[in-house]
Each structure stands twice: as C-alpha cells, then as structure tokens.
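Colleague: Mind folding the following:
(chains A and B)
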There are 2 protein chains.
Amino acid sequence: MVQERDSRLFHIEDTIRRLLRRNAETHLENAFEKLHPAETAQVFRNLEPEELQSAFHVIQDIERRAEILSECDQHIVLALLDPMANEEVVALLKQIGSDDARHLLESLTEQRAAEVLELLGIGESFIIEDIMAYAPDTAGSIMTDSFVAYFDETTVEEAVAEVRKANEAEYVFYVYVLDEERRLRGVISLRQLLLAEPDKRLSEVMTAHVWSVNVHADQEDVARLVSRYNILAIPVVDDSSNLIGIVTVDDVIDVLRDEATEDILKMAGTHAEEITNLSVGRMAWVRFPWLFVSWLGGIGAAWLIGSFREELSKVIALAAFMPVIIGMAGNVGTQSATIIVRGLATGRVSPNAWLRVVSKQLGAGVILGAAYGVLLGILTLFQFQSMAMLGLVVALSIAASMILAALLSSILPLLLHRFRFDPAVATGPLVTTGVDIIGILVYFSIARFLLL
Amino acid sequence: MVQERDSRLFHIEDTIRRLLRRNAETHLENAFEKLHPAETAQVFRNLEPEELQSAFHVIQDIERRAEILSECDQHIVLALLDPMANEEVVALLKQIGSDDARHLLESLTEQRAAEVLELLGIGESFIIEDIMAYAPDTAGSIMTDSFVAYFDETTVEEAVAEVRKANEAEYVFYVYVLDEERRLRGVISLRQLLLAEPDKRLSEVMTAHVWSVNVHADQEDVARLVSRYNILAIPVVDDSSNLIGIVTVDDVIDVLRDEATEDILKMAGTHAEEITNLSVGRMAWVRFPWLFVSWLGGIGAAWLIGSFREELSKVIALAAFMPVIIGMAGNVGTQSATIIVRGLATGRVSPNAWLRVVSKQLGAGVILGAAYGVLLGILTLFQFQSMAMLGLVVALSIAASMILAALLSSILPLLLHRFRFDPAVATGPLVTTGVDIIGILVYFSIARFLLL
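Modeller: Take a look at the predicted model:
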C-alpha cells in the first residue's frame, strides 16, 4: 500500500481542516496549490458541507476550479455549483472537455442545466447537448471530443504541421484518418507520423485496421476492448461510421474500477451509490429489497422447520446443528457462484465449457462435503455417545447439502448468462436462501428416515 | 455486454475445435491469422491439453507465437513451452519485452529458467535476471525496459532525431530526461517535443515535476497513482533515483482487474488462482482453511444452542426462527463490512472519518433492524396467536442482532486497517460466524428472559 502517500493525504486533510477553522486563507491557498486536482477532490470527500464551501472559495483560479470539479463525485459537484451564478458555471464549463462537462451538467437539476446550456452559446452547447443525449453507461457518455483527425488525402508534412498548431487536445498519441465523408478509415500514432516520409499521404502510411466502437455501445464493452487489446484510446463512431469522439484509457480505468465496485457490492446486496450517498435512510432503502428476498427465504425456512416439529421435539439436539449445516452449504455455494460469476466477467470461464466448469465445482463440493461430513460426524459421536445415529445424520446432512449447494450454485450463474440475465444475481440472496432451504430439507429428511 | 464480440469468439472457438478434430491445418492457420493475440489466448483457455498443442503447432511465425504466449495464463504457457527445446524458448524470449519475458520465465521450473537464461547470452539475460530479481507484485516485476530517455543537455532537435531512430519502444508517448548520473529529472511528451524550439535543451522544455515510483513499490500503489493522476506510464527508479524502467497503463489495467478479482474471491473465502487452477483437489484445498474457521464457528454455535436446550424443549417453535435471525444479521453485517472494505480500497471511505462512517452503518442497521423486527413480529403473532410473547422475542431478537451486526461489521474493517492488517479479512468467516454466534446468544437470552 502507498501508506506514505495516503497518510500524507490524511495529514493534509487534517491541516486543511485546522486552517479552515482558523480561517487562514493564505495558508489554505498554499496548501491547495501543492495538491493535484485529484487529491483535492479526495480531500473534499471528507469535509463537512460548510467546510467544503469555504475550501472551494479559497481556490480562485478558474482553470484549477474546473479541474477539481471534474474529479469530484457528483454530490460534491452539486453542493459546490449550487450557490454559484449560472455565469460562473458557464465559465467553468468552457475550461473543460466535453466528457467532464457532461459530468458537471448531470449534477445539476434539468432546469438549471438547460439555463446554463442556453447561456453557453450555440456552438459549444451544441456539442455538449449532443453528448448529454447519449444514454448513461454508453460509449457516448464517456467519450471526449478532444481528438485529432485529418482527411486521408492530407500529406504527412501537413499533418505534422497541423498537430503542432492543434489546440491542446487531450490525447494526440493517435491521429485518426477520415475519408471525405468523415468516416473513420485508419489511424497512425504520433511517432509513426514522425517517422513517415513527409510527402506521403496519410492513406498510404496509416494502419487501416482500427478498432472502433459505436456511440451506443455499453461502456463496459468499450472498457473490455481497450484493456484486451492494450490500446490508449478507442475511436467512437455514429451509425454512419462517422468519427465523433474517442474514449481514452483513463476513463476506461474509471469504468473498470466502478464495474468492480458494483460487482462487489452487488454480491452483498447493495449498490455502489451507497458508498457516496450521504443519507442513512436512503442507504437502508437501497438494501431493503435484497434483504426482503432473504427474509422471505427465512420465513420459508421457519415454516419448513415448523413442519418438522415432531422430529425436533423428539431429538432436541437436532436444532443445535442447523446453523453449521446451512452455514457450510451456504459458504460452498457462495464460493462456487462467485468463482463462476467473476470468471464469466473476466472471460476466464467460458460458457462453452460449462460441463467441465460445473464438474470441477461439483468435484470440489464432493471433496469438501465428505471432509466436513467426516469431521462433523466424529465430533458429534464424541459429544452424543448415547446416540450414534445422530452422528451419522449430521455427517450425511452436511455432506449432502454442501454437494448440492456446489452443484446448484455453479449451474445457476451459467443458466442466467445463457438467457442473458446478469449472472451476478446468483451470488445474491437467491443462492443463500435457496441453499438454506435445501439444507434444512435435506437435514430433517435424513433425520426422519434414520432417527425415527 | 459486447455480446456480439464475445459470441463471435465462442463461434471461432467452435470452428477451431472442429478444424482441430479434422486436422485441417491450412484452415486453422487462416482462422488464427484473423485473431488478435489476446483473442487467441482467450480461445486457448478453453481447449483441452492435446488440442492446445496442435493449435499452437499450427502457428509458425515466431513473433506471433511470442505475442500469444505473452497474453496466455501461466499454466498454459507452461504447457506450451514444456515440449519445446531450450533454443526455441530463447528465440521466443528475444521477441518480447522484459516484462513479458518475466511472465514466460516464471512459468518454467527454476532449473529450466536458469538453462534458458544461460543460453540467452550475457547482455539480454542480464536485463531479464535483473527484472526476475524483483519480488512479485512490485513495480519492478511489472515494469518494462522499453522506454526512451535522453540526457538533459540534449537539444530538442537531437532528441527528435533520436526518437525517429529509436528501436520500436513500447511507449514513446513520453520522453524522459536524465541528469549526467542517469537520475530522473523530468519528462516531456512527444507532442510537446514536436512543438518545442529545435535548439532548446531538454532541461529547458521539460516538465520538472514528474511522478515516479521506487522499483520496490507495491504494484497496487503504482496502479493507484497511474489511475488517480491519469498518466499513461510512470517511470520506475531505483534507490539512487536512477531511471530503470516504466510501468505502462495497460499493465496497470491488468493489476487493477486482478486486484478486483482477488478482492471479490477473498470475500467468498477463496483465491484468484482457483479460476485458472485445473485440479479439483487443489481447489478444495485452497478453500479448506476458510471453511474450517466457519466450521469451528458452527461448532461453537451448536454448543451454544445445546446450552439453551431447556428453553428449546419448552418452546420448540424457537428453533424455527433461528435461520432467519442469524441469516438477516449476517446479511446486514456483510453489507456493512463490504461497503467499508471496498470504500477503503477505492479511497471513498476515509479512516479519519471513522465516527461518521460507523454511525451511518449503525443508523442503517437501526432502521433495517426495526423494520424487519416489526415485520417478523407481526408475522409470528399471526402464526402463533396463542403465544404473543414469542412474537415479541423474535422481533426484538432480529432487531438487536441486525443492529449489533451492523455495528461490529463496520468497526472491524476500520480496526484492521488501523493496525495495518488487510481489512478484506472482515468480509470473511470472522464476521459471518461471529454474527451467527451473537445472533444465537441474543435470541436465546431474550427468549429465556421473556418466555420462561
């Protein structure tokens, strides 16, 4: 861990808090100047609302303000833009790329965003409105219009001259090549451009094979392409193959990270927004549905146990082993489901090879089920020497439930994937409560058969 | 999802399998030529061992072979290199960057790697041995020596001429600037270099503020720096600040993805290797310890329940509600722990703000505990109208266990982080079985007090 770096940041956070309390504006200015905008955004996350306003107030430079806002979470952007005049927001928007502009505008209410766009003037607001029009989580929503493209008839010499003149585009590592109808035809890296003979045309020196994505493509797919093929930026085209933007690797990293966070939190039955969301009530609300499914499963389990009341009343000791049996089966089931869900997400598990994948999970389930069956059986025998049969019941039950759990939890995500549902659902309450019920059923059925 | 792309790959996989069975080498060659090395590696993952050998045999071009091997998982690299002569392996190594060479050599046995390095010749084996010497998961283990650096006295014109001449370096988006002792002094992007006046020295035009990492830094920290500051490559320096390599953004993406996979699987009590590991026995073995902790917890729970035998025998119905109470408490606990563990990993939860973080989780626990307490209480009242008290016991128990679970599961990861342990441990069996035991204790204590 970059413990040093992070603890540096914590230290700075403390200093800033202290300076804010003392209202020491000059010191504060100095402190913020030493921070990267991403670090400032990080510090902002942990300030109280009033501290946040005073801290932002200290930062005067508009370019810096814009950079910081681009790095902030949306609820912080909202808090910071709220007291500002629309003219100020417009000035900020003019400082940043179209992808960051989208980020800022999305934090505002629809009405205010419209007011700001109107103030922004036709040319620029047109581009931003275009970008705002793409659905969230599509290539269009994360692309930027800061790229360099020339027509295929341009000579290398002209292109180099153009690159020199070009505005500070975000990414000029690649120069894109277009035909006369602005359709993407090829790509050339800046270095290749430097190496090429000056009087050649771009069409002669470019790489004609170029990955691109449609503007409506899912951002996760874009991320997967960029990371699979190790590219720094991927061109985005509209339905007529016209080049309209690029997605750069830094945005891809954000997508991959958010996706991983989303997957992790989905496993626990909550949402990524919970980490940033400030209200406790909303947090509880987000978790409620998942817990409700689990609760229904619990009620089902209670009803099921109730139907074995007779067995229980005869052998009270049966109750003692319920948690370990359903717990262990749930654990093995979660493991199998998680392995397969993550394997599908990273491409390491192929749905084509489902038989091999399921057999492996089943195999592990059999080994673990047998091992823990023997362990639990022996322990029970020692504990309840008067009832040898109880040991056998408990051993068979834990083995059978673990094996069944491994089998079902590995089939379920593959089935969900096959029918184009999100396999991650399988790591949720469906499996855990399903396995609870199966475990109880197996346990008491075996008990009824062997004990009574 | 890039369903189209992925289903294209599945389709190709099927085709390749069919061609392999028919031994149609020419068709196979054509099929592989159309694939990116990363796609070929993806197809290789799902082939049986004998298919794998025949498929690789078809690919003759050594450069292509090397590219594909760089993209393969290590157990596949091992399988492919195993039947090869050492001379062939050396020829392959000469085709690839030092970071990929490490990947290949690490797949071999130590003895064979030594033989290959000896064959490779002094100059090259020296560089690779250097890289092999860095501990796994450090900056040194993922860096490449393919970078461009010039002394600070070099003129812009000379540097541009050098870049044109340079070997095909992996990343020439940045040119690094060194002082006479090869210490890193600055950086200039290729585009800035193009724009600079030709007779200026690099020291005059470079950016002196440059992020770098020590060669022994943890790769996760490197990844965090690169992703936080949106840079494409970060220079790696040794303890004397000499520039010895760079870590590029594509490797950072791999690190971030592997880290996320590792975190996700850790939550389920298994390891990332399980996805690629082929042996069922080893899979079971990897999971055994985690399950064992959980099993011990289950035994503890059984013993605890046994000590409440009297209560149970008087009110058999008590047993029925055990799974729902410990299940719901476990769910809320996992949610709180997961939110905080992931928040710590992504920097969205600050340990400085622990009081606010824990209060929020506790708040959500109180709301959810109260809600499900009321729901369960009402349901129990309807079910067991003769025993109004049971409803109260069950309602109080589920509420109290959920609240306790939320509190403990949010404090635990913060404590672990504070004392520099891995907070992810908190999402494992420690919490789940701990919560099981707390739930049972709370439940039967309340029952003893109110029912008997």
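
Colleague: And the average pLDDT for stretch A:153-168 is what?
Modeller: In this model, stretch A:153-168 has a mean pLDDT of 84.

Colleague: Counting neighbours, show which residues of that stretch come out buried.
Modeller: A:154, A:155, A:156, A:158, A:159, A:160, A:163 (16 or more other CB atoms under 10 Å in any protein chain shown). For every residue, glycine as well, the C-beta is placed using N, CA and C.

Colleague: so which of these also contact chain B?
Modeller: Contacts with chain B within the buried residues of stretch A:153-168, counted by CB under 8 Å from any CB of the partner chain: A:160, A:163.

Colleague: Out of the buried residues of stretch A:153-168, name the ones that lie in helices.
Modeller: The helices, defined by DSSP state H, take in A:156, A:158, A:159, A:160, A:163 from the buried residues of stretch A:153-168.

Colleague: before we move on, the earlier item: would you convert the buried residues of stretch A:153-168 into a markdown table that also reports distance to residue A:201?
Modeller: What follows is the buried residues of stretch A:153-168, written out as a markdown table (distance: CB to CB, whole Å):
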| residue | distance to residue A:201 |
| --- | --- |
| A:154 | 7 |
| A:155 | 6 |
| A:156 | 8 |
| A:158 | 9 |
| A:159 | 9 |
| A:160 | 13 |
| A:163 | 16 |
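
Colleague: hmm, which two among the buried residues of stretch A:153-168 are most spread apart?
Modeller: A:155 and A:163 (12.8 Å; CB to CB).

Colleague: So what's the model's average confidence on the strand or helix carrying residue A:285?
Modeller: Assigned by DSSP states H and E, residue A:285 belongs to helix A:280-307. Here helix A:280-307 scores 90 as its mean pLDDT.

Colleague: again, but for stretch A:390-404
Modeller: The model assigns stretch A:390-404 a mean pLDDT of 95.

Colleague: Touching stretch A:334-343 from outside, list them.
Modeller: Stretch A:334-343 is contacted by residues A:263, A:267, A:348-349, A:357, A:361, A:364-365, A:405-406, A:409-410, A:412-414, A:423-424, A:426-427, A:431-432, B:261, B:264-265, B:267-270, B:274-275, B:287 when judged by CB atoms under 8 Å, 6 or more residues apart in numbering or on different chains.

Colleague: Residue ranges in chain A under the pLDDT threshold?
Modeller: A:1-8, A:122-128, A:167-171, A:272, A:274-278 (pLDDT under 70).

Colleague: Please name every helix or strand in contact with the helix holding residue A:285.
Modeller: helix A:273-276, helix A:429-451, helix B:317-320, helix B:322-346, helix B:354-383 (3 or more CB pairs under 8 Å, 6 or more residues apart in numbering or on different chains; DSSP states H and E).

Colleague: phi, psi of the residue lying farthest from the centre of chain A?
Modeller: Distance from the C-alpha centroid of chain A, by CA atoms, centre = their mean, peaks at residue A:386 (54.5 Å). Dihedral angles of residue A:386 (phi, psi; degrees, to the nearest 10) stand at phi -70, psi -20.

Colleague: rewinding a little: show me just the buried residues among the contacts of stretch A:334-343.
Modeller: Buried members of the contacts of stretch A:334-343, scored by 16+ other CB under 10 Å, are A:263, A:267, A:348-349, A:357, A:361, A:364-365, A:405-406, A:409-410, A:412-414, A:423-424, A:426-427, A:431-432, B:261, B:264-265, B:267-270, B:274-275, B:287.

Colleague: Looking at those residues, which are in helices?
Modeller: A:263, A:267, A:357, A:361, A:364-365, A:405-406, A:409-410, A:412-414, A:431-432, B:261, B:264-265, B:267, B:274-275, B:287.

Colleague: Can you tell me the SS state at residue A:39?
Modeller: In terms of secondary structure, residue A:39 is helix; the call rests on DSSP: H, G, I helix; E, B strand; the rest coil.

Colleague: next one: the one 4 residues further on
Modeller: Residue A:43 carries the three-state label helix when classified by three-state DSSP.

Colleague: Likewise for residue A:216?
Modeller: Here residue A:216 is recorded as coil under three-state DSSP.

Colleague: and it, how many neighbours does it have?
Modeller: For residue A:216, the number of neighbouring residues by other CB atoms under 10 Å in any protein chain shown comes to 14.

Colleague: what's stretch A:417-429 in contact with?
Modeller: A:263, A:266-267, A:269, A:290-291, A:293-294, A:297, A:334, A:337-338, A:340-341, A:344-345, A:351, A:409, A:412-414, A:416, B:3, B:268, B:331.

Colleague: nope, stretch A:143-151 is what I was after
Modeller: With CB under 8 Å, 6+ apart as the test, stretch A:143-151 has contacts from A:97-99, A:127, A:131, A:158-159, A:162-163, A:166, A:169-172, A:174-180, A:202, A:215, A:233, A:235-236, A:243-248, A:251.
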